[in-house]
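S.K.: Need coordinates for the below:
(3 chains)
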Amino acid sequence: MNIADFKTSLDLHAVGQEMYQLITELYPICRSITGDGFRESLRIIKQYIPLDVQEVPTGTQVFDWTVPREWNIQDAYIKNARGERVVDFQKSNLHVVNYSVPIKKKVSLTVLKEHVFTLPEYPDWIPYRTSYYKDNWGFCLSHRQLLELIDDEYEVCIDSSLEQGHLTYGEYYLPGKSSDEVLLSCHSCHPSLCNDNLSGMALAAFLARSLRLLSLRYSYRFLFIPGTIGSITWLCLNENQVSKIKHGLVLANVGDSGRSTYKKSRRGDAEIDSVAMHVLQHSGQDYEVLEFSPYGYDERQFCSPAFDLPVGNLMRTPHGRFPEYHTSADNLDFVQPPYLTNSFAKCLSILSVLENNLTYLNQNPKCEPQLGKRGLYRTIGGAEGEVDELALLWVLNLSDGNHNLLDVAVRSGYPFESIKRAADLLCEHALLKAKPEV
Amino acid sequence: MNIADFKTSLDLHAVGQEMYQLITELYPICRSITGDGFRESLRIIKQYIPLDVQEVPTGTQVFDWTVPREWNIQDAYIKNARGERVVDFQKSNLHVVNYSVPIKKKVSLTVLKEHVFTLPEYPDWIPYRTSYYKDNWGFCLSHRQLLELIDDEYEVCIDSSLEQGHLTYGEYYLPGKSSDEVLLSCHSCHPSLCNDNLSGMALAAFLARSLRLLSLRYSYRFLFIPGTIGSITWLCLNENQVSKIKHGLVLANVGDSGRSTYKKSRRGDAEIDSVAMHVLQHSGQDYEVLEFSPYGYDERQFCSPAFDLPVGNLMRTPHGRFPEYHTSADNLDFVQPPYLTNSFAKCLSILSVLENNLTYLNQNPKCEPQLGKRGLYRTIGGAEGEVDELALLWVLNLSDGNHNLLDVAVRSGYPFESIKRAADLLCEHALLKAKPEV
Amino acid sequence: MNIADFKTSLDLHAVGQEMYQLITELYPICRSITGDGFRESLRIIKQYIPLDVQEVPTGTQVFDWTVPREWNIQDAYIKNARGERVVDFQKSNLHVVNYSVPIKKKVSLTVLKEHVFTLPEYPDWIPYRTSYYKDNWGFCLSHRQLLELIDDEYEVCIDSSLEQGHLTYGEYYLPGKSSDEVLLSCHSCHPSLCNDNLSGMALAAFLARSLRLLSLRYSYRFLFIPGTIGSITWLCLNENQVSKIKHGLVLANVGDSGRSTYKKSRRGDAEIDSVAMHVLQHSGQDYEVLEFSPYGYDERQFCSPAFDLPVGNLMRTPHGRFPEYHTSADNLDFVQPPYLTNSFAKCLSILSVLENNLTYLNQNPKCEPQLGKRGLYRTIGGAEGEVDELALLWVLNLSDGNHNLLDVAVRSGYPFESIKRAADLLCEHALLKAKPEV
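M.R.: The predicted structure is shown next:
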């Protein structure tokens, strides 16, 4: 079965519900760029797809970077003088600055405030903060919590560990007819944040689960990695394999109610760029296309100048453009099944175009073939009707070996599927043949 | 004499009247893609230009197509039970579906209706329908005629023949200095339809008659052919000659009151495309430029991928965009001499640009030459006046061997004629020389 | 010191005042394309920069032109019958058609009028007229003066000489690290006209005076030449040197209150074009960019097809677009110090971009380098703040050897200075190296 038929056969609504269910299951876990929370998350995803889990030791040099010590955390709190937990990690893992060093001591309110982050403009939300590469400790509070702290002595406790260990990531390689690869990557290192990026993880997992059932032209590689250090580590360990990546998407923020957004690869004119733009354009829904910039998610690494991979970024609302971004408000209410469904469907459409975007050769390139004698043409001429023959004529006219089907779709204005159907029909009648791929 | 001077010397108004007269003479004839109506039309055009008439036998294989049996028709009617002709081919040859097989029998109204075409939205107009490649018969009626048919027994008679014969076409080759050719083609297979395409036939005939009088750079080839099968036949029989075609225009629908329309060649950036757009842009009249699409007239064949000839399409209102299209309302009222004149003048302008669009070499390319000492410059400096010297300066500045005169015209914003006059003046003063053509 | 630092250290306001002072000093002198007025002007400029003064003999063949006889003038007037000077060269040197042959005779008003130029639409202004290449004489009057002339006999006297002599021009060559040159040229042949082009002369002189103090990548060549014949003469005498000119600007009309205007070089995509447009775009002020045309100032010669030098034209209001152009109203009121200052600052910015527009190589092109460990990155992650790291990331991402810093600035949208600062910082940390120039 091909992707388009598969998509038609699916109960997309149910897929959205399942993705949301997976997000719900992953939500409470305290993930970071290393540690048991990351491992636990991969274990859950393994229930959907046979993920390979890689462990890269602390201290491994990866290009300009070093794999950091592994961070784990059991508990954390701020207790007031009466011994009450006024801030409690058990209530939200966002309360601790991610990668905080262990600490247990008594501090005055003044000292405490130097280690506290809040969002005064959203007094009920807890911000998300990290300190991966500088030893530090801190707490994130709602601003309301901060205002309630009286001048008192506080016990701060972060029961974390920063030790020799591993950086963990998940990889799933799905072989297709060709060893040419499509890369689908999602950062999986954020704690209780739903859109960024449990949504991307769920989308990648369900795409992988779906593609496994299909006959594929390309091989597919799914990466569930910690942001930045994960893609750097993967690229370093797989440097001699990256040339197989012919197309790629970073998946992030795919569950909110905003319109779909595609950020182009550094090349700007890669096939994935044309494909994604075509699918969004013909979706009948609002969308936005962003030019590449070297800020964002792991496309920063995939598109670094020595690699310059054709990897774009599919999102709904981009990072930093929604106030809930990197706060406790990026929660289970902020992402919803219909939006997950919509992102999933668009991804399938993008992959379907990629899979089918072959170049064909018109077998009868001197003048038009006689479509009528093959039953491909209305037989009473003279009336100017709805001509779906036009799609046939476009395919025939442009199948000179220099235009792939997407080129035909773009120049003709037809959606890819119509052009693909026309090409299939012409192949059936031996008027068209796929050009051998080199 | 060159084309521009010839155009100035002409009584264009009279040419429009003569074209209209030719259309009037051709109008009553029942043409089809083969047969005596086509031959009779060529005989009339031969009164204007020494057309070669080619006859290609039925059954000749032309690429994917076969030259069909020849169709001729003497009479056709529908008689009611009282023996009255309620539909009569003698009143309009559109009443018979073109290429109808012979038939003579009695049918009920119900059966008759299965073979009848009307236009309910234009109840007084007779549609034009064909069935070239599938044996069938039918009548085209005004919708008012259909509504008047009572439940009765009708005698239907089509006194036609479909037999071994020939496909006929007319060709006129006018040699110029170069064997490089300009192709001017018009489909000539429609019965009593004036804009589509008696107007194109008249325009081609009068262009040919005019160009015969002139000294020409290019050779010109005029084709009066049946649509689709005619261009396919011609291309097949002349396959090894087509590379001589450097520019071409398909002429169709050139007599209605709409604005001029140019449809680009498949290449989209051929010289004929730039020339036609330049002429329309500087015409001072409204116009439209359409991108190539593989639907339309014989450019479909000339621009098929194996040929990809630089052939555009000059029209007024494109096919299918006027309600009278392919109906009895495309009659002698729908085309008018002034519009024919206008199309003729624009064609002459296009051909004039083509003829004169040489590349020149500035003979004094280091700094400007001193125009003043040659009388080419106002002598009192300092005033910012109307500078037609500017055209001279543009030609000098861009005549580096990489820009033809049209390039100069486009970059400078001048009309081609001004740039051409400037180039002529500079040539007279030995400041410019035509670059030898390879 | 580099240009940007120098610009910051300058009292730009004072420079504008000094430029205006120089214009004031040059204003009364009667310049022409040859003669003592031109020499006297160069002598004054030599007080600022060590100009080389070249003298090219009358009769020297320079391409298609010949160096004309030298013109000098002592006095000129029109006296009425009562012996009163009704038009007096001593009051304005514009009163004499520049290059008038000597004359002294009595003429009727009718004859006089054949030699008189006025501007009826600006009755108080004296026009500026020349007759360099055709022997003639004439007077330029305010229209009011003309109207006051009664029917009388007039004595016309032009005490001029047209003799074998020289064409004079000034040249200043400032060597930099590279023998690649930046050309800065101004026509210096107009009499009492301030914007056109004492402003350009003052700007060139003060740019030269400033650049002398600096360490420069490029060598700089300043030309103070008579318009047209001067650039033709210079190009002819230096034909084998012109390939050293990598960038150039013609400076003219830089002292009026209009917005800055940049006219592109003939190439249209030369580096100087991109640089000038970038500087104007980021100036925060209104500006205009004009496409090249072969009319204007000496760019006409520098951009003639055999040279096609990358020379643009920096102005404020272009010639012919202000009514004061080539009239006595282009006076010391029409140019003002703040506009001169503004033009000077923009020129320095343009030259600063040119000087610094190198191509760099990312020394760590595989993924991003770890900016944090070098103190180049905020250390608490998660907050979406003002990221000036983004400039660092853009430089790193595009420093693949194919993009110079201006390319990075244009693609990122940053002003060049921000990108330059980012590149400097990355160089300090050995993350970037300038690509060796070939």
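S.K.: quick one: low-confidence parts of the stretch 251-400 of chain A?
M.R.: A:379-387 (pLDDT under 70).
S.K.: separation between the closest residue to A:Leu141 other than its chain neighbours and chain C?
M.R.: In space, A:Leu141 comes closest to A:Thr118 once its chain neighbours are excluded; the distance is 5.3 Å by Cβ to Cβ, 6 or more residues apart in numbering or on different chains. All C-beta atoms are positioned from the backbone trio N, CA, C, and that covers glycine. Counting by Cβ to the nearest Cβ, to the nearest Å, the gap from A:Thr118 to chain C is 12 Å.
S.K.: Let me see the contact set for A:Thr118.
M.R.: Residues in contact with A:Thr118 (Cβ atoms under 8 Å, 6 or more residues apart in numbering or on different chains) are A:127, A:140-143, A:145-146.
S.K.: What helix or strand is A:Trp394 located in?
M.R.: Assigned by DSSP states H and E, A:Trp394 falls within helix A:389-398.
S.K.: Who does the helix or strand following that helix pair with, and is each partner parallel or antiparallel?
M.R.: Next along the chain after helix A:389-398, taking DSSP H and E as the criterion, comes strand A:400-404. Note on strand A:400-404: by DSSP bridges, its sheet partners are strand A:359-362 (antiparallel).
S.K.: just how off-centre is the partner strand within its chain?
M.R.: Distance of strand A:359-362 from its chain centroid, counting by Cα atoms, centre = their mean, to the nearest Å, is 33 Å.
S.K.: what stretches of the stretch 51-200 of chain A score poorly on pLDDT?
M.R.: Applying pLDDT under 70 to the stretch 51-200 of chain A flags no residue at all.
S.K.: Just the contacts of A:Thr118: which are in helices?
M.R.: Mapping the contacts of A:Thr118 onto helices (DSSP state H) picks out A:143, A:145-146.
S.K.: Turn the residues you listed into CSV, columns for neighbour count.
M.R.: Formatted as CSV, those follow (neighbours: other Cβ atoms under 10 Å in any protein chain shown):
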residue, neighbour count
A:His143, 19
A:Gln145, 19
A:Leu146, 19
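S.K.: Go through those and say which is closest to C:Glu70.
M.R.: A:His143 (83.5 Å; Cβ to Cβ).
S.K.: correct me, but the closest one touches A:Pro123?
M.R.: Yes - using Cβ atoms under 8 Å, A:His143 is in contact with A:Pro123, at 3.9 Å.
S.K.: Assign a three-state SS to A:Asp135, would you?
M.R.: Assigned with DSSP: H, G, I helix; E, B strand; the rest coil, A:Asp135 falls in the coil class.
S.K.: tally of neighbours for it?
M.R.: 10 (other Cβ atoms under 10 Å in any protein chain shown).
S.K.: is it true that it touches A:Val101?
M.R.: Yes - counting by Cβ under 8 Å, A:Val101 is a contact partner of A:Asp135 at 5.1 Å.
S.K.: so which of the ones in helices among the contacts of A:Thr118 comes closest to chain C?
M.R.: A:His143 (14.5 Å; Cβ to the nearest Cβ).
S.K.: Contact partners for that closest one?
M.R.: A:His143 touches A:118-120, A:122-124, counting by Cβ under 8 Å, 6+ apart.
S.K.: just curious, which of these is nearest to C:Gly35?
M.R.: Ranked by distance to C:Gly35 (Cβ to Cβ), the contacts of A:His143 are led by A:Pro120 at 75.1 Å.
S.K.: hang on, the closest one is in a strand, isn't it?
M.R.: No - A:Pro120 sits outside any strand when classified using three-state DSSP, being coil.
S.K.: and A:Tyr339, what element?
M.R.: helix A:337-356.
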